[in-house]
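Asks: After the sequence you'll find the predicted model.
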2 protein chains.
Amino acid sequence: MEISRPIKNFITLFSKIPGIGPRQATRIVFWLLHQPKDIQTEFSKTIENATTKIKLCADCFFPFEPKNNESLCEICRNQQREHSIICVVEKETDLLSIEKTNKYKGVYHILGGLMSEIDEKKKQELNIKPLLLRIKKSFQEKKPIKEIILALSPTSEGNLTTYYLEKAIKNLGLNIKITKLGRGLPHGGEVEFADSETLINALEGRK
Amino acid sequence: MEISRPIKNFITLFSKIPGIGPRQATRIVFWLLHQPKDIQTEFSKTIENATTKIKLCADCFFPFEPKNNESLCEICRNQQREHSIICVVEKETDLLSIEKTNKYKGVYHILGGLMSEIDEKKKQELNIKPLLLRIKKSFQEKKPIKEIILALSPTSEGNLTTYYLEKAIKNLGLNIKITKLGRGLPHGGEVEFADSETLINALEGRK
């Protein structure tokens, strides 16, 4: 018994999604085939809708639904926001987490991932060039960026990317403040159980 | 910042897939939105193809691609197979595993899940009625089913379902042999590390 071609294609394609392997893709397709017809149609329609109606913001790369063919997202269009401060994040969900704090009034730039020492190719896929262009353009248009917040996770890949970006932005030779997120004990974390690196950061960042 | 409606719909719908929660659905949609346009289109097309081209076999419920509008799958159409033996399995992947052994020449019946003591509703969703009808029909058409193999996993849900099916088939009052998969030590398993239930089964099933 061979699995039919359309099912095989489904498994091959869905196995490409990060976090989903061939086994889970197989379970998904068989689950879907046992769903009512209207739910099955809803799945292809929903993907079609998301991928055709959603654009990436030309400035910050956040995915949004343009209402009147505009190229900028809600935040980048908002004149109440501080456009001279850019918060650089790895991914959309990081942006959403920062927005939830209601404490940040600047704009964003989504990198789309982090650099990796192992995978040199990944660097090319990140939105690093558009960030540098965006900064340069702001100076040419006399609305200069004043501060770049590098809000990447303090993992080894995050640190590598932060280090690289800091150097690249400094190399532009423009007068820009570069800041990073404060490090230390997480809210609710206990001193006793913190690792040394966290404690060192907490001591150094004391106030 | 609000997530756009088409993205929200995607997250809501994909969270319904067993094993995928809202967090993974969010990661999937943002990953997909950063893919090239042709890959995005491939996703909706592949789902559409799988769900429109694939039918469930009218006899055994295995999903297959009909070539000439036939209603039975490759196995159920195959006259070389032994149609008087039905192997009842929980799901498609169980059928594929049994096929891979190349030892079974009968036909199958996919239940589409197992009964649960907690979720009474689940019983209604299983292909139990079609199985009983299929058996009765075989006797009416003078091509009687001789043996039903209940090939369900020896878990508590599998045992509950096996018990229920055995009773239901016996209640038909027809002359049918009901068998279950042999139990004992798995190939390569060590006696020392086997649990008592497995050892009891292995002792009882000795040959």
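Replies: That came through, no problem. Numbers count the residues shown, from 1 in each chain, chains lettered A, B, ... in the order given.
Asks: correct me, but residue A:144 touches residue A:137?
Replies: No. Contact criterion C-beta atoms under 8 Å: residue A:144 and residue A:137 do not qualify, at 10.0 Å. Backbone N, C-alpha and C define where each C-beta goes, glycine included.
Asks: Give the helix, strand or coil label for residue A:113.
Replies: The three-state label given to residue A:113 by DSSP: H, G, I helix; E, B strand; the rest coil is coil.
Asks: State the pLDDT value of it.
Replies: The model reports residue A:113 with a pLDDT of 91.
Asks: Does it touch residue A:91 like I think?
Replies: Yes. Between residue A:113 and residue A:91 there is a contact under C-beta under 8 Å: 7.3 Å.
Asks: Which SSE is immediately downstream of the longest helix along chain A?
Replies: Using DSSP state H to define each element, chain A has its longest helix at helix A:37-53. Next in sequence after helix A:37-53, counting helices and strands by DSSP states H and E, comes strand A:55-56.
Asks: Quick one: distance of that following strand to the chain centre.
Replies: Distance, stretch centre to chain centre, for strand A:55-56: 13 Å (C-alpha atoms, centre = their mean, to the nearest Å).
Asks: what helices or strands is it leaning on?
Replies: If you count contacts as 3 or more C-beta pairs under 8 Å, 6 or more residues apart in numbering or on different chains; DSSP states H and E, strand A:55-56 packs onto strand A:63-64.
Asks: Paired strands for the strand it packs on, with orientation please.
Replies: Using DSSP bridges, strand A:63-64 pairs in its sheet with strand A:55-56 (antiparallel).
Asks: ok, back up a step: buried residues in the longest helix of chain A, which are they?
Replies: Judged by neighbour count (16 or more other C-beta atoms under 10 Å in any protein chain shown), helix A:37-53 contains these buried residues: A:40, A:42, A:43, A:44, A:45, A:46, A:47, A:48, A:49, A:50, A:51.
Asks: how many other residues sit next to the residue lying closest to the second one once chain neighbours are set aside?
Replies: The shortest distance from residue A:42 to any residue other than its chain neighbours is 6.2 Å, reached at residue B:13 (C-beta to C-beta, 6 or more residues apart in numbering or on different chains). Residues contacting residue B:13 under the criterion other C-beta atoms under 10 Å in any protein chain shown number 18.
Asks: Burial check on the closest residue to residue A:82 other than its chain neighbours, number of neighbours?
Replies: Distances taken as C-beta to C-beta, 6+ apart place residue A:106 nearest to residue A:82, at 4.5 Å, with adjacent residues excluded. Here the count is done by other C-beta under 10 Å, and residue A:106 has 18 residues near it.
Asks: Residue B:165 versus residue A:106, what's the distance?
Replies: Per C-beta to C-beta, to the nearest Å, residue A:106 is found 63 Å from residue B:165.
Asks: ok, how many other residues are close to residue A:27?
Replies: By the measure other C-beta under 10 Å, the count of residues near residue A:27 is 18.
Asks: Packing partners of the one helix or strand it maps to?
Replies: According to DSSP H and E, residue A:27 maps onto helix A:22-33. Helices and strands touching helix A:22-33, by 3+ C-beta pairs under 8 Å, 6+ apart, are helix A:5-14, helix A:37-53, helix B:37-53, helix B:92-100.
Asks: okay, now the domains of chain A?
Replies: Domain assignment for chain A by automatic domain parsing gives A:5-53, A:72-180.
Asks: so can I have TSV of those domains showing distance to residue B:154?
Replies: TSV is the format used below for these (distance: least, C-beta to C-beta, whole Å):
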stretch	distance to residue B:154
domain A:5-53	20
domain A:72-180	41
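Asks: Assumed residue A:86 was part of a helix.
Replies: No. Using three-state DSSP, the secondary structure at residue A:86 is strand, not a helix.
Asks: what's near enough to touch it?
Replies: Residue A:86 is in contact with A:106, A:107, A:108, A:109, A:131, A:134, A:135, A:145, A:147, A:148, A:149, counting by C-beta atoms under 8 Å, 6 or more residues apart in numbering or on different chains.
Asks: Next, format these as JSON lines and append secondary structure and distance to residue B:95.
Replies: Shown next, in JSON lines, are these (DSSP: H, G, I helix; E, B strand; the rest coil; distance: C-beta to C-beta, whole Å):
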{"residue": "A:106", "secondary structure": "strand", "distance to residue B:95": "56"}
{"residue": "A:107", "secondary structure": "strand", "distance to residue B:95": "54"}
{"residue": "A:108", "secondary structure": "strand", "distance to residue B:95": "49"}
{"residue": "A:109", "secondary structure": "strand", "distance to residue B:95": "50"}
{"residue": "A:131", "secondary structure": "helix", "distance to residue B:95": "52"}
{"residue": "A:134", "secondary structure": "helix", "distance to residue B:95": "55"}
{"residue": "A:135", "secondary structure": "helix", "distance to residue B:95": "58"}
{"residue": "A:145", "secondary structure": "coil", "distance to residue B:95": "60"}
{"residue": "A:147", "secondary structure": "strand", "distance to residue B:95": "61"}
{"residue": "A:148", "secondary structure": "strand", "distance to residue B:95": "57"}
{"residue": "A:149", "secondary structure": "strand", "distance to residue B:95": "55"}
